[in-house]
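A.B. asks: this one's sequence-less:
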């Protein structure tokens, strides 16, 4: 089946540094990628939608300059958390829809970001 | 706009008992509905989905859900709970269109008592 590979699975960084999270679609073309964040014991909140070759669409309240999204190819989308602060510590998950698979959505395994 | 409401943030049942997790949806267009399961520090695994075909949907691990338009509900059930079913469950909705974003409910944590 379709797989979205997300890396890293866990990262610890210092305040003020930037962290890049990658999501790769391994056996299908992901023209769209959704990025979610999840705080402990809470639901997934959509942060932004990236489309290959165009600018990402951010949800209300999400800082575009802080969460940089790039979708340069049909198999790779990246989320960069810039100048990270402890409040950015969260679980980040990407998801790609598969239009040809009866509206299935494939999720990455998630990235646990801890900013110290 | 679409939304889902999950009733009960925590449900506890005995092993072997019926599992019932409730989900009500709101959608201005015909919806696609999903149930996902999440184990700690992991991504989401699709249990089942409703895509306007049969209203009773069977999924993996013995779970099923019934789409009831009149009640705007999509409750998840399993006849007999196993210890391995303990996890977080999310109901989600997306409009009847391609590659639309999924909106998740707040989640229900399922605990299984021995």
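C.D. replies: The structure has been received and is ready for your questions. Quick caveat, the model's predicted, so the values are computed rather than measured. Numbers count the residues shown, from 1 in each chain, chains lettered A, B, ... in the order given.

A.B. asks: contacting residues for residue B:92?
C.D. replies: Contacts of residue B:92 were listed using Cβ atoms under 8 Å, 6 or more residues apart in numbering or on different chains, and they are B:4, B:33-36, B:102-105. Bear in mind the C-beta positions are built from the backbone N, C-alpha and C, glycine included.

A.B. asks: make TSV out of those and add secondary structure.
C.D. replies: What follows is the contacts of residue B:92, written out as TSV (DSSP: H, G, I helix; E, B strand; the rest coil):
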residue	secondary structure
B:4	strand
B:33	strand
B:34	strand
B:35	strand
B:36	strand
B:102	coil
B:103	strand
B:104	strand
B:105	coil
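
A.B. asks: what about residue B:23, how many neighbours?
C.D. replies: The local packing of residue B:23 (other Cβ atoms under 10 Å in any protein chain shown) involves 24 other residues.

A.B. asks: what about residue A:34, neighbour count?
C.D. replies: In terms of burial, residue A:34 registers 24 neighbours under the definition other Cβ under 10 Å.

A.B. asks: can I take it that it is in a helix?
C.D. replies: No - residue state for residue A:34 (three-state DSSP) corresponds to strand; a helix is not indicated.

A.B. asks: model confidence for it, exactly?
C.D. replies: Looking at residue A:34, its pLDDT reads 94.

A.B. asks: pretty sure it sits against residue A:106.
C.D. replies: No - between residue A:34 and residue A:106 there is no contact under Cβ atoms under 8 Å: 10.6 Å.

A.B. asks: what touches both of those two?
C.D. replies: Here residue A:34 and residue A:106 share the contacting residues A:95-96, scored by Cβ under 8 Å, 6+ apart.

A.B. asks: re the thing from before, so which of the contacts of residue B:92 also contact chain A?
C.D. replies: Filtering those for proximity to chain A (criterion: Cβ under 8 Å from any Cβ of the partner chain) leaves B:34, B:36, B:102-105.

A.B. asks: would you format these as JSON lines with distance to residue A:51 and pLDDT included?
C.D. replies: Shown next, in JSON lines, are the ones next to chain A among the contacts of residue B:92 (distance: Cβ to Cβ, whole Å; pLDDT from 0 to 100):
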{"residue": "B:34", "distance to residue A:51": "22", "pLDDT": "93"}
{"residue": "B:36", "distance to residue A:51": "23", "pLDDT": "93"}
{"residue": "B:102", "distance to residue A:51": "16", "pLDDT": "86"}
{"residue": "B:103", "distance to residue A:51": "18", "pLDDT": "88"}
{"residue": "B:104", "distance to residue A:51": "21", "pLDDT": "92"}
{"residue": "B:105", "distance to residue A:51": "26", "pLDDT": "94"}
